[in-house]
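Colleague: Compute the structure for the input listed below.
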Amino acid sequence: MAETPAISDRNLEATTNISLKREPACFAFLSARSVSPPMPIDSINLDLASADYFQGRASLWTTLEMRSSVNNDRPIAILGFDETFLRPFARALVEASTTRAAYRMTILSETRESERCRVVEYVTGPGKPLKELVLQPFDNVVLVTATIKDGEETLFQLPRTDSFLRAFAKMAYTADQALHELLEEMERVARRHSDSAVGAPEE
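Modeller: Numbers count the residues shown, from 1 in each chain. Coordinates of the predicted model:
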């Protein structure tokens, strides 16, 4: 992106951090196929991994990261997703937590021909595309599970306390606004670049 100086930086990592140290104990990497043993989650945050153009339109890629004292608080991505995922995921988490009913979240591809993934998980590998997530509420936590060919794989847990749900909903709302503002900026930069290219004299 050669024209990025006009695009302001969004430091999602700093503005979306949620501490889980006072919440019910939650763990990541719970599935049998995980690349690491179960790890306690001390905090989560979002990180803007990339901002680019895909098939002629602005596109963002964001990761949901966790930090744990057992690995010196280094960020570990557990989900990666495009700009369309955060809103429905936040709604699914709140709905599953408050209704105490499992929520199945189907992840549709943009087109049948598109090779672009909308959501991937980094728990069982370097980035496996997801077609469905299941959010299963229990007394204190919500299990986030991926549907696979052989059944389901639990990826991680999140608290279902009122304090966490309020914090997560606020974080998701703020991050979603920032992401869509960035998309609009990117589209304006692309239009200006296109207009200037059209208006440039031929050599």
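Colleague: So which bits of the helix ranked longest in the chain are buried?
Modeller: For the chain, the longest helix by residue count, based on DSSP state H, is helix 162-199. Within helix 162-199, the residues scored as buried using 16 or more other CB atoms under 10 Å are 164-165, 167-168, 171-172, 175-176, 178-179, 182-183, 185-186, 189-190. Quick note: C-beta positions are derived from backbone N, CA and C, even for glycine.
Colleague: same thing with stretch 140-155?
Modeller: Of the residues in stretch 140-155, those scored as buried under the neighbour-count criterion (16+ other CB under 10 Å) are 141-147, 153-155.
Colleague: Could you tell me which of the residues you listed are located in helices?
Modeller: Among the buried residues of stretch 140-155, no member lies in helices (by DSSP H).
Colleague: and of the residues you listed, the nearest to residue 57?
Modeller: For the buried residues of stretch 140-155, the minimum distance to residue 57 (CB to CB) is 27.6 Å, reached by residue 146.
Colleague: partner strands of the helix or strand residue 48 falls within, parallel or antiparallel?
Modeller: Using DSSP states H and E, residue 48 maps to strand 43-54. Each strand that pairs with strand 43-54, with its direction, by DSSP bridges: strand 18-19 (antiparallel), strand 57-67 (antiparallel).
Colleague: Make CSV from the ones you listed and add mean neighbour count to it.
Modeller: Shown next, in CSV, are the strands paired with strand 43-54 (neighbours: other CB atoms under 10 Å):
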stretch, mean neighbour count
strand 18-19, 16
strand 57-67, 20
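Colleague: Going by mean pLDDT, which of those strands comes out lowest?
Modeller: Ranked by mean pLDDT, those end with strand 57-67 in last place, scoring a mean of 91.
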